[in-house]
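Chemist: Next one to model:
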Amino acid sequence: MRIVAGDHRGRSLVAPKGHSTRPTADRTRQALFNVLEHASWGRSLVRARVLDLFAGSGALGLEALSRGAAFCLFVDHDPAAEAAVLANLGALGLGDRARVLRRDASRLGARSSADGPAFDLAFLDPPYTKGLAEAALTSLADGAWLAPGGLVIAERGADEPELKPDGYEILDDRRWGAARVWFLRTG
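Modeler: A predicted model of the protein is given here:
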């Protein structure tokens, strides 16, 4: 697993040990960022504030940082994921542009002043088939985590039911291998 583009292109990433995480494939990550950067509703990552929920290795947030995001908050409840994200941040020298929060990403609670201003973009890559995407989307909205018009990229299994989130506009959805990815905007 590697960073696909940006300042850290080609750099290897470590993933948490065990089977508790399923990193987004490099090819899917590249396609996802291509859509995000080139769609009519897309936005530049330069100076963006990013959330990486269910972070695992942190590949999505690290990719955003490599492409110019100003800051990323990585959220995962698994200590092995926390260790992998911290190792990746250290190896890439990105620790000053990030924070790791060990918390259940589907129950974030209210955004506090310690979390800084609302975020421009959130990645949601929960374990497949557990219904956690819907809970995390509700938590993001209820806790005022996203800036007005903020984007959310939510991944789930290609064979899972349609994602129908309240309070979000579906901009696009794509299938890449075993993954289906929704591009959403806050209402």
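
Chemist: count of neighbours near residue 35?
Modeler: Neighbour count of residue 35, defined by other CB atoms under 10 Å: 16. For the C-beta atoms, the positions are set from N, CA and C on the backbone; glycine is no exception.

Chemist: With residue 187 instead?
Modeler: Residue 187: 11 neighbours (other CB under 10 Å).

Chemist: and it, how far is that from residue 168?
Modeler: Going from residue 187 to residue 168 by CB to CB, to the nearest Å gives 6 Å.

Chemist: what do you get for residue 92?
Modeler: The spacing between residue 92 and residue 168, counted by CB to CB, is 31 Å.

Chemist: The two: which has the busier surroundings?
Modeler: A count of neighbours by other CB under 10 Å puts residue 168 above the other of residue 92 and residue 168, at 23 against 20.

Chemist: Show the contacting residues for the more buried one.
Modeler: Residues near residue 168 by CB atoms under 8 Å, 6 or more residues apart in numbering: 137, 141, 152, 184-187.

Chemist: Derive a ChimeraX selection command for the buried subset of the residues you listed.
Modeler: Provided next is the ChimeraX selection string for whichever of those are buried by 16 or more other CB atoms under 10 Å:
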select :137,141,152,184,186
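
Chemist: mind listing which of the contacts of residue 168 are in helices?
Modeler: If you go by DSSP state H, those have 137, 141 in helices.

Chemist: what's the closest non-adjacent residue to the residue most central in space within the chain?
Modeler: By CA atoms, centre = their mean, the mean C-alpha position of the chain lies nearest to residue 123, the distance being 2.2 Å. Of all residues not flanking residue 123 in the chain, residue 60 sits nearest, at 4.1 Å (CB to CB, 6 or more residues apart in numbering).

Chemist: outside of the one helix or strand that neighbour maps to, which residues touch it?
Modeler: Taking DSSP states H and E as the definition, residue 60 sits inside helix 59-66. The contact list for helix 59-66, computed with CB under 8 Å, 6+ apart, reads 1, 3-9, 11, 13, 23-24, 29, 32-33, 45, 48, 50-52, 55, 69, 72-74, 85, 88-89, 92, 94, 97-98, 121, 123, 125, 153.
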